[in-house]
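J.: what's the 3D shape of this:
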Amino acid sequence: MNFTAPESLIFWTTIIFILFFILLRKFAWKPILGAVKGREDSINEALSSAETARREMQNLTAENERILQEARLERDSLLKEAREMREKMIADSKADAQAEGARMIEQAKTAILAEKNAAMAELKLQVSSLSLSIAEKVLKDELSNKEAQTKLIENMLGDVKLN
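T.: You can find the predicted model right below:
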């Protein structure tokens, strides 16, 4: 057998290939397949955990959106309540101010009336005092002589009518 002939080269190449394939299968195939299987498993695990993380992210995003919506609603509610309180306080303050103004006006009217009555009483007192003083002076002048006294008494008796 000639080792350099093309037929024998094909034969020996085939035998070497089969031996190489058997050796690879016995020693390298299982570790290579194990490594490929491990890589495939790790890729699948990474994909599933990425999918889980994506779902969690969507859930968190939805939860955040819901929380934001609730916070906006609560903020709007608080702002509305604050506006209502402010308007109520303003209305109460206006009502209190009007009531206080009316009370002050009423007090002023009462004080003015009291001052007016006091002034009228003082005026009446002064007028009566002045009238008495004038009447006293007139009567002193009129009654200083006897003739005038008699005439005054006669006039008064004439004015008085007996029933």
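
J.: helices of the protein, residue ranges please.
T.: Assigned by DSSP state H, the chain shows helices spanning 6-23, 30-142, 146-159.

J.: mind giving me the packing neighbours of the shortest one?
T.: If you count contacts as 3 or more C-beta pairs under 8 Å, 6 or more residues apart in numbering; DSSP states H and E, helix 146-159 packs onto helix 30-142. No exception for glycine: its C-beta is placed from N, CA and C like everyone else's.

J.: packing partners for the helix it packs on?
T.: Secondary structure elements in contact with helix 30-142, counted by 3+ C-beta pairs under 8 Å, 6+ apart, are helix 146-159.

J.: repeat that with 6 Å
T.: Other helices and strands packing on helix 30-142, by 3 or more C-beta pairs under 6 Å, 6 or more residues apart in numbering; DSSP states H and E, are absent; none qualifies.

J.: chain center to that helix: distance?
T.: For helix 30-142, the gap between its own C-alpha mean and the chain's C-alpha mean amounts to 7 Å (C-alpha atoms, centre = their mean, to the nearest Å).

J.: just the angle for that helix relative to helix 146-159, thanks.
T.: Calculated by axes from the mean of the first three to the mean of the last three C-alpha atoms, to 10 degrees, helix 30-142 forms an angle of 110 degrees with helix 146-159.

J.: average pLDDT for helix 30-142?
T.: Taken as a whole, helix 30-142 has an average pLDDT of 91.

J.: and for stretch 147-160?
T.: This predicted structure assigns stretch 147-160 an average pLDDT of 76.

J.: just the CA coordinates for that stretch, please, in PDB.
T.: Presented in PDB, the C-alpha positions along stretch 147-160 are these (Å, rounded to 0.1, in the frame of the first residue of the first chain):
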ATOM      1  CA  GLU A 147     -97.800 152.500  93.500                       C
ATOM      2  CA  ALA A 148     -96.300 149.900  91.000                       C
ATOM      3  CA  GLN A 149     -96.900 147.100  93.500                       C
ATOM      4  CA  THR A 150    -100.600 148.000  93.900                       C
ATOM      5  CA  LYS A 151    -101.100 148.300  90.200                       C
ATOM      6  CA  LEU A 152     -99.500 144.900  89.500                       C
ATOM      7  CA  ILE A 153    -101.600 143.200  92.100                       C
ATOM      8  CA  GLU A 154    -104.800 144.800  90.700                       C
ATOM      9  CA  ASN A 155    -103.800 143.600  87.100                       C
ATOM     10  CA  MET A 156    -103.200 140.100  88.300                       C
ATOM     11  CA  LEU A 157    -106.400 140.000  90.200                       C
ATOM     12  CA  GLY A 158    -108.200 141.200  87.100                       C
ATOM     13  CA  ASP A 159    -106.700 138.500  85.000                       C
ATOM     14  CA  VAL A 160    -107.700 135.800  87.400                       C
END
